[in-house]
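need a structure here:
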Amino acid sequence: MVALLGERFAPITSRIGFLRAGLAEVAEALTAWRRDLAQQDLGQPFEVVVEGTGPLEEALARVPPLTAPQVPRELLVQVGEEWTAYFNCWILGTDTFSTVAHLAEAGGWQTLRVACVPNTKKRFGAVMLVIYGPEPTDWLNRVRLIQLINDGGRWTFDLAGEVQPFEEVEAYGARLKRDRFTPEMLERYCQALGVDVFNAEAYGPKYVLIEKQNELVNARTVSLAERQAELGITPT
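Below you'll find the model as predicted:
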């Protein structure tokens, strides 16, 4: 299966969010939203925002350790001139849903949720692309959903929303569900949107790390190596 950086940073990189806006603009919107949420919770967590420049590996190395249920570190990485990638330190792999769905609406941007997880003894496979926009649709602000997932041992293929011009719709009728939406198709779809999702050279060089300094409560914390061992991930 194709994978970003040969899964050296999985599960962080198994799911990625993308926002069609510049790095500085996304960082400003994200930190403002986080501070707003903190005030609603009657807390004032101290945030450290670190701006850096370097290869994707350097930026991703600042995300661990992985934690749950709190997620104190979020990473934004420049992707070309139009896009910003989103990662965080959630123990199950980057949790993208609330961030990309909310910021699409708040910022008036197109955003993406992308997942590509190999199917192994310890991981349920998934290939997913979800597109969000700023306007309400039949389900929140989701524009299009295309996903193939191993749902506890049973493969399911799901489509929702408006078909996009780049889709290879003839593949959706394949006899085997696993042939209906492949990692290679996901890669081509993302490229059509302007994101070379599995090419590490397409990311950076600028990045922003946002870290909450408040104390974690009843949290589980593991190193990236420990989590990869638990999931049977062998980077290439």
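
so, low pLDDT: which residues of the protein?
39-46 (pLDDT under 70).

please, where are all the strands along it?
Using DSSP state E, the strands found in the chain span residues 15-19, 47-53, 66-68, 73-79, 83-88, 111-117, 126-132, 142-150, 155-161, 203-212, 220-222.

could those go into a markdown table alongside mean neighbour count and distance to Thr94?
For the C-beta atoms, the positions are set from N, CA and C on the backbone; glycine is no exception. Below are the strands of the chain laid out as a markdown table (neighbours: other CB atoms under 10 Å; distance: least, CB to CB, whole Å):
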| stretch | mean neighbour count | distance to Thr94 |
| --- | --- | --- |
| strand 15-19 | 26 | 5 |
| strand 47-53 | 12 | 18 |
| strand 66-68 | 19 | 10 |
| strand 73-79 | 23 | 9 |
| strand 83-88 | 26 | 5 |
| strand 111-117 | 25 | 9 |
| strand 126-132 | 23 | 12 |
| strand 142-150 | 20 | 16 |
| strand 155-161 | 14 | 21 |
| strand 203-212 | 20 | 14 |
| strand 220-222 | 14 | 15 |
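
export the ones you listed to CSV and tack on distance to Arg34?
Below are those laid out as CSV (distance: least, CB to CB, whole Å):
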stretch, distance to Arg34
strand 15-19, 15
strand 47-53, 7
strand 66-68, 16
strand 73-79, 8
strand 83-88, 11
strand 111-117, 17
strand 126-132, 19
strand 142-150, 23
strand 155-161, 28
strand 203-212, 7
strand 220-222, 20
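
contacts only, for Asp7.
Actually, residue 7 is Glu. It isn't Asp. By CB atoms under 8 Å, 6 or more residues apart in numbering, the residues touching Glu7 are 13-14, 118, 233-236.
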